[in-house]
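Colleague: How does the following fold in three dimensions:
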Amino acid sequence: MKLSEYLSYFKGAETEELLREEFGKLARHFLYGGFIKVGEDYEIYPYTVEFYFHSEEGSPYKIYDPIVYHRNNRKDSFLKTVPYFPIMTLHAHVSGFDITFENEVLKYRASALIRAYSIYDASAKQFLRTRNGKCVDNRSTFLYDYLNGFPLDESNHIKWVDKEWSTTQTIKSQKRKNVFLYDENEQKTKTPDERQWSFTREEEVIR
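Modeller: Model (predicted):
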């Protein structure tokens, strides 16, 4: 099944624990089921994805994640109401890039932030290495170097490519990086958000 199809079947969950289980299923698709193709230049393979889920007013779910960038009534935005993104929209923000799967009917925002990744350079025919010699880069905002500057036309310069993968491939979960709880006034506290909504592949990235 394609990632876009799998995301279209996702309908959220009533509890945070059930939601974590659903995110775990999705994570395997994100981490093993494909990559982002940037023209004929690069292939971006997600290595760690962090999930975000926020219930808007009127949603049947009561799961809140105020740190979500693309949502209604965010205090640091001049927009009080923002339109829902279509599934698989690539959303750029100050923390990097999300692949979104929001739902206007059920009124929730959902996305997967590409927290760590591997870059395959098509011209060099090899994975790029960071300064420490590793093929995995956890500097999420550095993706701007590879995903910016695409044309405003229908060329599909940047697209997700599905690939075959095995359900035996494993992942590990942990809390999200630099995410803290918010109080009732949506002010960030110093208390870490312990929700295990971040997932990392446990096998080497192979093209």
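Colleague: which residues of the protein fall in helices?
Modeller: 3-9, 16-32, 144-147 (DSSP state H).
Colleague: Relative to residue 180, which of those is closest?
Modeller: Smallest distance to residue 180 across those (CB to CB): 16.2 Å, for helix 16-32. For the C-beta atoms, the positions are set from N, CA and C on the backbone; glycine is no exception.
Colleague: can you redo the helices of the chain as a markdown table with distance to residue 136, mean pLDDT and mean neighbour count?
Modeller: Shown next, in a markdown table, are these (distance: least, CB to CB, whole Å; pLDDT from 0 to 100; neighbours: other CB atoms under 10 Å):
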| stretch | distance to residue 136 | mean pLDDT | mean neighbour count |
| --- | --- | --- | --- |
| helix 3-9 | 21 | 96 | 15 |
| helix 16-32 | 12 | 97 | 18 |
| helix 144-147 | 15 | 93 | 15 |
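Colleague: now these as JSON lines including distance to residue 50?
Modeller: Output for the helices of the chain, formatted as JSON lines (distance: least, CB to CB, whole Å):
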{"stretch": "helix 3-9", "distance to residue 50": "16"}
{"stretch": "helix 16-32", "distance to residue 50": "9"}
{"stretch": "helix 144-147", "distance to residue 50": "17"}
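Colleague: Ok, which of the ones you listed comes nearest residue 101?
Modeller: So among the helices of the chain, helix 3-9 is nearest, using CB to CB, at 4.1 Å.
Colleague: what separates the closest one from the chain centre, distance-wise?
Modeller: 14 Å (CA atoms, centre = their mean, to the nearest Å).
Colleague: Against which helices or strands is that helix packed?
Modeller: helix 16-32, strand 158-162 (3 or more CB pairs under 8 Å, 6 or more residues apart in numbering; DSSP states H and E).
Colleague: Quick check: which of these is nearest to residue 115?
Modeller: For the helices and strands packed on helix 3-9, the distance to residue 115 is smallest for helix 16-32, at 10.8 Å, taking CB to CB.
Colleague: Which of the helices of the chain sits closest to residue 79?
Modeller: Across those, closest to residue 79 is helix 144-147 (CB to CB), at 22.3 Å.
Colleague: Alright, calling it a day.
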